[in-house]
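**Q** Next input, structure requested:
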Amino acid sequence: VETQLAKLPASGKEAAELQLKLIDLYYENGRPFGLVRTGQTFVSQHSAHPRHREAMLKLIDGLRVTGRNKELIATGRQFLSRHPGDP
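**A** Below you'll find the model as predicted:
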């Protein structure tokens, strides 16, 4: 999947689907660094995607696990501003 993704522009629709697949794989298999790398790209490039909220929450988990506290705080604030009614 990573090889396929490398051949595509990060902002394309096909790239978004591959990024989501990678995010899910990294999340399910405890690979926080891959999750953070791919999650940050997806979150910044595909803000209108229907699964953006879900990807952002997984990114927040990855940032927490890796100890990237400044990025965690910034992403958490961004999440709250985009999804103020989310529990």
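**Q** C-alpha from now on. contacts and neighbour counts both.
**A** OK.
**Q** Let me know the pLDDT of the one residue sitting closest to the centre of the chain.
**A** Among the residues of the chain, the one closest to the centroid is Gly39, at 2.2 Å (Cα atoms, centre = their mean). If you check Gly39, the pLDDT there is 96.
**Q** What of His83?
**A** Note on His83: pLDDT of 88.
**Q** tally of neighbours for Lys70?
**A** Residues lying near Lys70 (other Cα atoms under 10 Å) number 11.
**Q** next one: the strand or helix carrying it to chain centre, how far?
**A** Using DSSP states H and E, Lys70 sits within helix 69-82. Here helix 69-82 is found 12 Å from its chain centre; the criterion is Cα atoms, centre = their mean, to the nearest Å.
**Q** Residues touching stretch 15-35, excluding its own?
**A** By Cα atoms under 8 Å, 6 or more residues apart in numbering, the residues outside stretch 15-35 that reach it are 1-2, 4-5, 8-10, 38-39, 42, 46, 55, 58-59, 62-63, 65-66.
**Q** mind redoing it with 6 Å?
**A** 5, 62 (Cα atoms under 6 Å, 6 or more residues apart in numbering).
**Q** Flag every buried residue along that stretch.
**A** Neighbour-count burial for stretch 15-35 flags 15-16, 18-20, 22-24, 26-27, 32-35 (criterion: 16 or more other Cα atoms under 10 Å).
**Q** export these to a markdown table and tack on secondary structure and pLDDT?
**A** Formatted as a markdown table, the buried residues of stretch 15-35 follow (DSSP: H, G, I helix; E, B strand; the rest coil; pLDDT from 0 to 100):
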| residue | secondary structure | pLDDT |
| --- | --- | --- |
| Ala15 | helix | 91 |
| Ala16 | helix | 93 |
| Leu18 | helix | 94 |
| Gln19 | helix | 95 |
| Leu20 | helix | 96 |
| Leu22 | helix | 96 |
| Ile23 | helix | 97 |
| Asp24 | helix | 97 |
| Tyr26 | helix | 97 |
| Tyr27 | helix | 97 |
| Pro32 | helix | 96 |
| Phe33 | helix | 96 |
| Gly34 | helix | 95 |
| Leu35 | helix | 97 |
